[in-house]
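1. Quick one, structure for this:
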Amino acid sequence: MNVEWIAGGVAATFVSAIAAWWLERLVDSERALLGLTTTTPSVRRLRPFVVTAGSVALMLGLAYAEVVGQCLATPEVQPEPHHILYRVVFHCGLILFLVLGTAIDFDCYLLPDQITIPGMIWGVGGAVLIADLQIAHLWVDWGMAIPQLTGPYIPAWYDQHRVWHALAWSTAGLLTGGVFTAIVRSVSSRILGQEAMGFGDVTLMAMIGSVIGWQAVLATFAIAPLTGVLIALAGYVILGKTYIPYGPCLAAAAILVLFGWSRIWEQTRMFFSDPVAIAIILGSALAALVILLGAIRLYRAIPTRSA
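-> Residues are numbered from 1 along each chain as shown. Next up is the predicted model:
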């Protein structure tokens, strides 16, 4: 077991180091396109080490949480024993894409397609290739479960046609993450009169959804405001930044969802089994967002008294 962990750590370090090297070239390219000055030498020297170390730490931590801590264990999703390692690698790939996206978003305030599009391909392609990587099935009806007698209703075709099921849940996650974020982005921009979220956030959530599914990507969006507050405070205290891009907040929320999925699913599985409840809650959340953003715009419109 120790040999396996060492080998995994070496592999994670090697891949992360190459990705960090590539990221510096991507940052230079994007800054040039935006007409920005080149990154300072100190940041160029330090960032690859931070990206590599952060990626490896998160990968090994998630691998331990999944294999030993059973952070993804749910009653209805029981992957084949030899597929558990594949699922760990699958999620470690997502971690790397999220760290790269966070690093460039903090630097250039954008999330380029060079990161999110390959991430979507990784999500859908990996899901279909292994066909046993989901943390939640496409649909499970817990409303039909009878305590101590029967479990939830799970359509038989999921097991009979695993590749099609994998394609369905990964694509559903991709579309849910992308479309829901696009709606929120459009509504926010119209109410505030300015762009509230970049299109990179839309593709980022589509990428996340393709790996973790539609239920977990909605949980990610719900948790993101909390991570946003924490990251904004940290950015102000550590870096002196008064503006923080939303992409890193979404990335942090997705990582938290993975680490805590077993408990999250236990508390929300009934909600995700009821289409009416989903529609009502999502509609209420969107309505609350509209009211909040409307209040912000009215507050900004209040004339300030000059000294």
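2. could you check the distance from Ala32 over to Ile130?
-> From Ala32 across to Ile130, the span is 39 Å (Cβ to Cβ, to the nearest Å). All C-beta spots, glycine's among them, are computed from the backbone N, C-alpha and C.
3. Neighbour count for those two, which is higher?
-> Taking neighbours as other Cβ atoms under 10 Å, Ala32 and Ile130 compare with Ile130 leading, 19 against 11.
4. My guess is that one contacts His83. True?
-> Yes - counting by Cβ atoms under 8 Å, His83 is a contact partner of Ile130 at 6.2 Å.
5. Give the ranges of residues in the stretch 1-150 of the chain that sit below the confidence cut-off.
-> By pLDDT under 70, the weakly predicted segments of the stretch 1-150 of the chain are 1, 145-150.
6. Let me see the ranges of the strands in it.
-> Counting by DSSP state E, counting those that start in this stretch, the stretch 1-150 of the chain forms no strands at all.
7. got a list of what the closest residue to Met270 other than its chain neighbours touches?
-> With Cβ to Cβ, 6 or more residues apart in numbering as the criterion, Met270 has its nearest non-adjacent residue at 5.3 Å, and that residue is Trp142. Taking Cβ atoms under 8 Å, 6 or more residues apart in numbering, we find Trp142 in contact with 152, 269-270, 273.
8. any idea how far Trp142 is from Leu110?
-> Trp142 sits 40 Å away from Leu110, going by Cβ to Cβ.
9. Please give the number of neighbouring residues around Gln45.
-> For the record, residue 45 is Arg, not Gln. Around Arg45 there are 11 residues (other Cβ under 10 Å).
10. I meant Glu66, not that one.
-> Using other Cβ under 10 Å, the number of residues around Glu66 comes to 23.
11. correct me, but it touches Ile84?
-> Yes - using Cβ under 8 Å, Glu66 makes contact with Ile84 at a distance of 7.3 Å.
12. Need the CA coordinates for stretch 132-148. CSV is fine.
-> Taking C-alpha atoms only, stretch 132-148 is exported to CSV below (Å, rounded to 0.1, in the frame of the first residue of the first chain):
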residue,chain,number,x,y,z
ASP,A,132,-18.4,3.3,-13.6
LEU,A,133,-17.1,6.7,-12.3
GLN,A,134,-20.3,8.4,-11.2
ILE,A,135,-20.8,9.6,-7.6
ALA,A,136,-24.6,9.7,-8.2
HIS,A,137,-26.7,8.0,-10.8
LEU,A,138,-28.5,10.0,-13.5
TRP,A,139,-31.7,9.6,-11.5
VAL,A,140,-32.7,7.7,-8.3
ASP,A,141,-36.1,7.9,-6.7
TRP,A,142,-35.8,7.8,-3.0
GLY,A,143,-39.5,8.6,-2.6
MET,A,144,-40.2,4.9,-3.4
ALA,A,145,-37.9,3.6,-0.7
ILE,A,146,-39.4,1.8,2.3
PRO,A,147,-37.2,2.0,5.4
GLN,A,148,-35.7,-1.4,6.4
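13. Where do the helices of the stretch 201-307 of the chain begin and end?
-> Assigned by DSSP state H, counting those that start in this stretch, the stretch 201-307 of the chain shows helices spanning 247-259, 261-268, 275-301.
14. separation between the residue nearest the centre of the chain and Pro248?
-> Residue closest to the mean C-alpha point of the chain, counted by Cα atoms, centre = their mean, is Ala254 at 3.5 Å. Separation of Ala254 from Pro248 (Cβ to Cβ): 11 Å.
15. same check, this time on Tyr158
-> Applying Cβ to Cβ, the value for Tyr158 to Pro248 is 34 Å.
16. Could you do Asp107 as well?
-> Taking Cβ to Cβ, one finds Asp107 at 11 Å from Pro248.
17. and what of Gly260?
-> When Gly260 is compared with Pro248 (using Cβ to Cβ), they lie 19 Å apart.
18. Report the buried members of the contacts of Trp142.
-> 152, 269, 273 (16 or more other Cβ atoms under 10 Å).
19. of all these, which comes closest to Pro75?
-> Among the buried ones among the contacts of Trp142, Pro152 lies closest to Pro75 (Cβ to Cβ), at 7.6 Å.
20. still on that earlier bit, tell me which of the helices of the stretch 201-307 of the chain sits most buried.
-> The highest mean neighbour count among the helices of the stretch 201-307 of the chain, using mean count of other Cβ atoms under 10 Å, belongs to helix 247-259: a mean of 24.
21. if you average pLDDT over that helix, what comes out?
-> Mean pLDDT, helix 247-259: 95.
22. so what secondary structure elements neighbour that helix?
-> For helix 247-259, the elements it packs on are helix 41-67, helix 84-108, helix 199-234, judged by 3 or more Cβ pairs under 8 Å, 6 or more residues apart in numbering; DSSP states H and E.
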